[in-house]
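Trainee: Pasting the sequence and the predicted model now:
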Amino acid sequence: MPAFTAHESWRMFGIMSEFVEATERLSEIRPAVSVFGSARLAPGHPYYALAEKIAQLLSDAGFSVISGGGPGIMEAASKGAFLGKSPSVGLNMLLPQEQQSNPYQDISLTFHHFFARKVMFVKYAAAYVVMPGGFGTLDEVMEALTLIQTRKSRRIPVILVHAPYWQGLLDWFRERLVAEGMIAPEDLDLMQVIDQPEQVVDAIFKHYERRGFEPLPSEHELLLNL
């Protein structure tokens, strides 16, 4: 048992190193947009093409694009950004299956710990663009919504792309979470649903048109305490 405890203690330095390296390498990428979606979709899928288009528009508009660095929608986002004018950033995760790094990354980081990776998605993002996806995608969007709702993070646009995919979940939020008092009705306003790539970019610019993309002084403190 003492040997196990010592091993666990030393692992803390590995966790610290992930935060330090990521902070040093990502500190200059703002403004950036984090894009999420399924790892299981092939390049011929309509969602793949949609994600690639959105990412290239964001990149050409001056946003670094942060994705999970793997296949599927992550690859589409990386590819679109790679073809655009701004950096493509991949936050890769070591997994026993699914996660293989895609080749469209200007900046590539590899994480052992989900929680360290998730902090970086939030810390450097001016917006979240959420494509159709599975448990991992839902985990990321719920994390963002929880942080914004509880004011542990600054308010950023959270954009769900492709209304038919998300409608059932949003209906359940309204009919169960709101109706039974689990969340406030206005919490649904933390998200918006958009189908057209150009409108995604426009919505992000509209959110920041009166304040600029850089975090406000009060928001710097929030980001430090994520």
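Mentor: Arrived safely.
Trainee: and the helix or strand harbouring residue 220, which residues are buried?
Mentor: Using DSSP states H and E, residue 220 sits within helix 217-224. Along helix 217-224, these residues count as buried under the neighbour rule (16 or more other Cβ atoms under 10 Å): residue 222. C-beta here means a position set from N, CA and C on the backbone, and glycine is covered the same way.
Trainee: Report all helices and strands that it contacts.
Mentor: For helix 217-224, the packing partners by 3 or more Cβ pairs under 8 Å, 6 or more residues apart in numbering; DSSP states H and E come out as none at all, with no helix or strand in contact.
Trainee: what about the residue nearest to the spatial centre of the chain, which SS state?
Mentor: Centroid-nearest residue in the chain: residue 34, 3.5 Å away (criterion: Cα atoms, centre = their mean). Applying DSSP: H, G, I helix; E, B strand; the rest coil to residue 34 yields a three-state assignment of strand.
Trainee: who touches it in this structure?
Mentor: Neighbouring residues of residue 34 by Cβ atoms under 8 Å, 6 or more residues apart in numbering: 66, 67, 121, 122, 124, 125, 127, 128, 129, 140.
Trainee: residues near the nearest residue to the last one once chain neighbours are set aside, how many?
Mentor: Pointing back at residue 140 there. Excluding the flanking residues, the one nearest residue 140 by Cβ to Cβ, 6 or more residues apart in numbering is residue 36, at 4.9 Å. Applying other Cβ atoms under 10 Å, we find 26 other residues in the vicinity of residue 36.
Trainee: Against residue 204, how distant is residue 36?
Mentor: From residue 36 across to residue 204, the span is 15 Å (Cβ to Cβ, to the nearest Å).
Trainee: Tell me where this structure has helices.
Mentor: With DSSP state H applied, the chain shows helices at 2-26, 46-60, 73-83, 114-123, 135-149, 163-172, 197-208, 217-224, listed in chain order.
Trainee: got the contact list for the last one?
Mentor: The reference is to helix 217-224. Helix 217-224 is contacted from outside by 123, 151, 152, 153, 154, 215, using Cβ under 8 Å, 6+ apart.
Trainee: quick check: angle from it to helix 114-123?
Mentor: If you take axes from the mean of the first three to the mean of the last three Cα atoms, to 10 degrees, helix 217-224 sits at 160 degrees to helix 114-123.
Trainee: CSV please, covering the helices of the chain and showing distance to residue 190 and mean pLDDT.
Mentor: Formatted as CSV, the entries for the helices of the chain read as follows, by distance: least, Cβ to Cβ, whole Å; pLDDT from 0 to 100:
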stretch, distance to residue 190, mean pLDDT
helix 2-26, 24, 79
helix 46-60, 20, 98
helix 73-83, 22, 98
helix 114-123, 14, 91
helix 135-149, 6, 95
helix 163-172, 12, 98
helix 197-208, 12, 97
helix 217-224, 15, 77
